[in-house]
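[1] I'd like to go over a predicted model; first the sequence, then the structure.
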Amino acid sequence: MEWILLVLIGLFAGALGSLVGLGGGVIIVPALVFFGGYTALLDDLGPQVAVGTSLIIMIFTGLSSTLSYIKHKTVDYKSGLLFFIGAGPGSIIGAVANKSFSMESFNLYFGFFMILVSFILMIRNKIKPIETFKQSSYQRSFTDASGREFSYGFPPVLGVAIAFFVGFTSGLFGIGGGSLMVPAMILVFLFPPHVAVATSMFMVFLSALVSSATHIYLGNINWLYALAIIPGAWFGAKGGAYLNSKLQSGALVNILRIILVLIGIRLVYQGFTG
């Protein structure tokens with residue numbers, strides 16, 4: 001039963017992560033921590049192993065969804081590689097910093113972070129994009145399937161700085177980083193939403209390669225759990241990428257943010273009560 005549960009966690013996380021560009025770690029990490037206290041299979045799963053294992057899975061989630069988005073020609077490779085200049089080192093530092101967490105402190109900080117992510121998801125469609133960087137030094141354009149053209153851009157230094165912070169949180173919490181990067185790309189840099197999600201998943205893939213390598217070096221991977229979750233995450237990510245091209249993800253985002261708030265509150269409570 002536990003193995004079926006792991007496959008379903010991967011499927012759900014991969015689909016939602018790919019659909020809205022989160023990466024899926026916001027589902028996998030709390031699921032591993034939560035079920036670790038209730039099943040013999042996941043018993044004694046510490047925060048380092050939960051995060052390291054999640055990042056291994058993010059490699060496959062990111063790759064699967066990126067390959068799907070490539071078919072729809074919505075991945076901005078140049079911007080993604082530029083962001084990776086910051087996200088790569090940030091994810092390594094975050095992975096190293098993760099080793100200082102106890103279960104209580106991890107629950108507390110990760111719980112607050114989940115609530116923050118939920119808040120960002122709640123307001124990201126209500127805030128108007130900032131026009132400041134529309135004529136910045138680095139300019140890009142995108143034409144969607146209907147022929148509508150979008151112009152967007154950002155100062156490279158600022159983009160790398162934001163990506164560094166996103167990479168740090170990815171290595172620290174095992175969440176992929178898209179939960180912060182997608183809103184930044186849409187609201188600050190005026191990325192078209194579909195391009196932001198696709199490019200975020202490309203960056204999630206690259207960052208997960210680096211941060212998971214660090215966690216492998218630190219011995220923070222449970223390969224058995226990873227192998228059980230990866231198949232579901234792979235096919236879930238493909239399904240999420242397909243849905244992203246076909247429908248508005250607003251309803252699912254609303255459901256997701258409610259789930260994240262509840263999980264966040266529970267983790268904060270556990271962090272305070274020990």
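    Received, thanks.
[2] quick one, helices of the stretch 151-274 of the chain?
    156-173, 178-183, 193-218, 223-246, 250-273 (DSSP state H, counting those that start in this stretch).
[3] Make a markdown table out of those helices and add mean neighbour count, mean pLDDT and distance to L19.
    Placement of C-beta: from N, CA and C, glycine included. Formatted as a markdown table, the helices of the stretch 151-274 of the chain follow (neighbours: other Cβ atoms under 10 Å; pLDDT from 0 to 100; distance: least, Cβ to Cβ, whole Å):
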| stretch | mean neighbour count | mean pLDDT | distance to L19 |
| --- | --- | --- | --- |
| helix 156-173 | 23 | 91 | 18 |
| helix 178-183 | 27 | 80 | 11 |
| helix 193-218 | 25 | 89 | 8 |
| helix 223-246 | 21 | 83 | 4 |
| helix 250-273 | 16 | 74 | 6 |
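[4] Y69 is nearest to which of those?
    helix 193-218 (3.7 Å; Cβ to Cβ).
[5] tell me the angle the closest one makes with helix 223-246.
    170 degrees (axes from the mean of the first three to the mean of the last three Cα atoms, to 10 degrees).
[6] Show me what helix 193-218 is packed up against.
    helix 2-20, helix 47-71, helix 77-97, helix 156-173, helix 178-183, helix 223-246 (3 or more Cβ pairs under 8 Å, 6 or more residues apart in numbering; DSSP states H and E).
[7] In the first one, which residues are buried?
    Along helix 2-20, the positions that meet the burial threshold by neighbour count (16 or more other Cβ atoms under 10 Å) are 5-7, 9-20.
[8] Show me what the helix or strand following it is packed up against.
    Using DSSP states H and E, the helix or strand that follows helix 2-20 in sequence is helix 25-36. Other helices and strands packing on helix 25-36, by 3+ Cβ pairs under 8 Å, 6+ apart, are helix 2-20, helix 47-71, helix 103-123, helix 156-173, helix 223-246, helix 250-273.
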